[in-house]
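1. coordinates only, no sequence provided:
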């Protein structure tokens, strides 16, 4: 595949635009609120596109497309469509409560609700997971894409991505991240749609595609399916989705930075609407690759890059390179900024430097971001030892997500739940999930998540019943400066998103 002048121009212009805009809009970010929460000034378009751009990376274009190429088929889209429904819950139920407290991080909520120990446990879990799993996987999958399409050495690709994303994240903080996400999100949607349209032309059109791949176009799979049995749709798949969209700093940091509650809710509903479209530009191409090149592709994670290499003409490859590169940087800059925020606010400020000035906190955040970028690059080759990047990420997050989801939901629903109950659940979640994976490897890991969450719920309720809080916990507003008036259209638009989700499942049953 020859790299042309047009490919080079589209990539360079895109990269220059992203870095320039990001550095310009964040040039006055000096306080901790500016650096970590963009001065709580984000409006709904920035929030919506930033959520999607941060979520969709090469773990989707490489990993999710690879899963659709393989055994899962269209059913892997459940992560997107269930995610859309989850976002509606976040907008209407969770966001009003989080903004009322004025928190910087998700672990910080646990201190408001329970105490410092649950907060610290979650902060440590998230830091380990971000560096060892999420950041490494995004760097690896991005470098795999660059290698497959452009022949770039894997290690060189890892350090190139890590270095470029790290530069403007270190300098600009969250505002730089969300503005880069806006540009990269648009490139991502345009580039992904381009691949789908060209792919449909090569398989004979939409009708021919649907007819030829009928066996892979089902959302509900048998109960013994190794990846996505129908039983997982009842509960298991909701655990990682609730964790990811509701309690994961990587995502929620944008919503915590909303200018008002209404702006945050509109942004989240926009993201939910876009989530419904993602499978058509990620999952469908994976199935197209199976139809066109199934006998030539040994590893499903190569499906999307090979589709690009074989089908796209000169010039458009540069656009896709920009979209893929932008997707990687969107996720990476968000993870770096979120991990830096957790370390600075939940570890350093909470335990070691409670009297730190805003400028000292920003300096700590920048040093942390640089350190995390380097460590992530060093660990990035590790995901290559596993089969299927996307499923690997979901499986490993299972060590953390059942405990976190249980502790948050019980904390919101059971006013007498105690810090002891929360600490116990957070500590036991990891070994329980590990035990289930070890002793019942034939069971889908999503079902393991559901079982783990069920066990932890029973444990928390039992501990609380034995020794409940003396006084029921109440959510007390700590941010009178934030307009907490709900968006009057949020409920109606949320219902539309839920109805569309049900319609998609009925269509592809």
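-> Thanks, I have it. What you see is a predicted model, and the numbers here were worked out from it, not measured in a lab.
2. buried ones in the one helix or strand residue 496 maps to?
-> Here residue 496, judged by DSSP states H and E, is contained in helix 490-507. Going by neighbour count (16 or more other Cβ atoms under 10 Å), the buried part of helix 490-507 is 490, 493-494, 497, 500-501, 504-505. Backbone N, C-alpha and C define where each C-beta goes, glycine included.
3. other SSEs contacting that helix?
-> helix 78-89, helix 261-293 (3 or more Cβ pairs under 8 Å, 6 or more residues apart in numbering; DSSP states H and E).
4. what comes into contact with it?
-> 81-82, 84-85, 87-88, 91-92, 219-220, 262, 265-266, 269, 272-273, 276 (Cβ atoms under 8 Å, 6 or more residues apart in numbering).
5. my guess is residue 54 meets residue 330, correct?
-> Yes - in this structure residue 54 lies within contact range of residue 330 using Cβ atoms under 8 Å: 5.2 Å.
6. ok, back up a step: mind putting the buried residues of helix 490-507 into a markdown table with pLDDT and distance to residue 144?
-> Putting the buried residues of helix 490-507 into a markdown table (pLDDT from 0 to 100; distance: Cβ to Cβ, whole Å) gives the following:
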| residue | pLDDT | distance to residue 144 |
| --- | --- | --- |
| 490 | 93 | 39 |
| 493 | 95 | 37 |
| 494 | 95 | 36 |
| 497 | 96 | 33 |
| 500 | 95 | 33 |
| 501 | 93 | 31 |
| 504 | 92 | 29 |
| 505 | 90 | 31 |
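7. can you pick out the most distant pair from those?
-> Based on Cβ to Cβ, the longest span within these runs between 490 and 505 and measures 22.9 Å.
8. following the helix or strand of the chain with the lowest mean pLDDT, which helix or strand shows up next?
-> The weakest-scoring helix or strand in the chain, judged by mean pLDDT, DSSP states H and E, is helix 32-37 (a mean of 50). Next along the chain after helix 32-37, taking DSSP H and E as the criterion, comes helix 44-55.
9. show me what that next one is packed up against.
-> Using 3+ Cβ pairs under 8 Å, 6+ apart, helix 44-55 sits against helix 154-202, helix 249-256, helix 261-293, helix 316-342.
10. same question for the shortest one, mean pLDDT?
-> Right, helix 249-256. Averaging pLDDT along helix 249-256 gives 82.
11. now the angle between helix 261-293 and it, please.
-> Computed by axes from the mean of the first three to the mean of the last three Cα atoms, to 10 degrees, the angle separating helix 249-256 from helix 261-293 equals 140 degrees.
12. low-confidence regions, the stretch 151-300 of the chain specifically.
-> Applying pLDDT under 70 to the stretch 151-300 of the chain flags residues 168-169, 171-178, 225-226, 299-300.
13. and if we set it to 90?
-> 151-195, 199, 202-237, 240, 244, 248-260, 278-279, 281-300 (pLDDT under 90).
14. repeat that for the stretch 351-500 of the chain.
-> 351-398, 437, 441-447, 469-484.
15. again, only using 80
-> 354-359, 361-362, 382-396, 475-481 (pLDDT under 80).
16. quick one, helices of it?
-> 358-379, 389-397, 401-413, 419-439, 445-466, 490-507 (DSSP state H, counting those that start in this stretch).
17. name the residues of the third one that come out as buried.
-> Which is helix 401-413. Across helix 401-413, burial judged by 16+ other Cβ under 10 Å covers 401-412.
18. which residues touch that helix?
-> 97, 109-110, 113-114, 118, 122, 125, 239-240, 242-244, 246-247, 417, 421-422, 425-426, 428-430, 432-433, 449-450, 452-453, 456-457, 460-461, 464, 473.
19. same thing with the fourth one?
-> Contacting residues not belonging to helix 419-439 are listed as 110, 113-115, 117-118, 121-122, 125, 395, 398-400, 402-404, 406-407, 410-411, 443, 445, 448-449, 451-452, 455-456, 459-461, 463-464, 467 [Cβ under 8 Å, 6+ apart].
20. can you list the helices and strands packed on helix 490-507 in CSV and add distance to residue 230 and mean neighbour count?
-> What follows is the helices and strands packed on helix 490-507, written out as CSV (distance: least, Cβ to Cβ, whole Å; neighbours: other Cβ atoms under 10 Å):
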stretch, distance to residue 230, mean neighbour count
helix 78-89, 10, 23
helix 261-293, 18, 24
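21. wait, which of the ones you listed is closest to residue 61?
-> helix 261-293 (6.2 Å).
22. so how far is that closest one from its chain's centroid?
-> For helix 261-293, the distance from its own C-alpha centre to the chain's C-alpha centre is 13 Å (Cα atoms, centre = their mean, to the nearest Å).
23. for the helix or strand that that helix is followed by, name the packing helices and strands.
-> Tracing the chain past helix 261-293, the next element assigned as helix or strand by DSSP H and E is helix 303-311. The elements that helix 303-311 packs onto, with contact taken as 3+ Cβ pairs under 8 Å, 6+ apart, are helix 65-69, helix 136-150, helix 154-202, helix 261-293, helix 316-342.
24. in CSV, list the ones you listed along with distance to residue 369.
-> Shown next, in CSV, are those (distance: least, Cβ to Cβ, whole Å):
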stretch, distance to residue 369
helix 65-69, 30
helix 136-150, 15
helix 154-202, 5
helix 261-293, 24
helix 316-342, 4
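25. residue 18: which of these is closest?
-> Closest among the helices and strands packed on helix 303-311, using Cβ to Cβ: helix 154-202, at 5.0 Å.
26. and the angle from that closest one to helix 316-342?
-> Going by the same axes, to 10 degrees, helix 154-202 makes 130 degrees with helix 316-342.
27. contacts for whichever helix or strand comes after helix 154-202 next, please.
-> Note on helix 154-202: by DSSP H and E, the next helix or strand toward the C-terminus is helix 206-212. Contacts to helix 206-212, defined as Cβ under 8 Å, 6+ apart, come from residues 200, 203-204, 217, 284, 287-288, 291.
28. show me what contacts residue 343?
-> For residue 343, the contact set (Cβ under 8 Å, 6+ apart) comprises 123, 127, 364, 368.
29. the contacts of helix 419-439, buried ones only, as a ChimeraX selection?
-> The buried subset of the contacts of helix 419-439, as determined by 16+ other Cβ under 10 Å, is captured in ChimeraX by this line:
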select :110,113,114,117,118,121,122,125,395,398,399,400,402,403,404,406,407,410,411,443,445,448,449,451,452,455,456,459,460,463,464
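30. residue 276 reaches residue 80, doesn't it?
-> Yes - judged on Cβ under 8 Å, residue 276 makes contact with residue 80 at a distance of 7.3 Å.
31. for residue 372, which of the helices and strands packed on helix 303-311 is the nearest?
-> helix 316-342 (5.3 Å).
32. same list (the helices and strands packed on helix 44-55) but as TSV, adding distance to residue 304.
-> Listed next are those as TSV, based on distance: least, Cβ to Cβ, whole Å:
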stretch	distance to residue 304
helix 154-202	8
helix 249-256	23
helix 261-293	6
helix 316-342	9
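33. among the ones you listed, which is nearest residue 65?
-> Per Cβ to Cβ, nearest to residue 65 of these: helix 261-293, 3.4 Å.
34. re the thing from before, as TSV, the helices of the stretch 351-500 of the chain with distance to residue 350 would be great.
-> Shown next, in TSV, are the helices of the stretch 351-500 of the chain (distance: least, Cβ to Cβ, whole Å):
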stretch	distance to residue 350
helix 358-379	12
helix 389-397	24
helix 401-413	18
helix 419-439	15
helix 445-466	24
helix 490-507	33
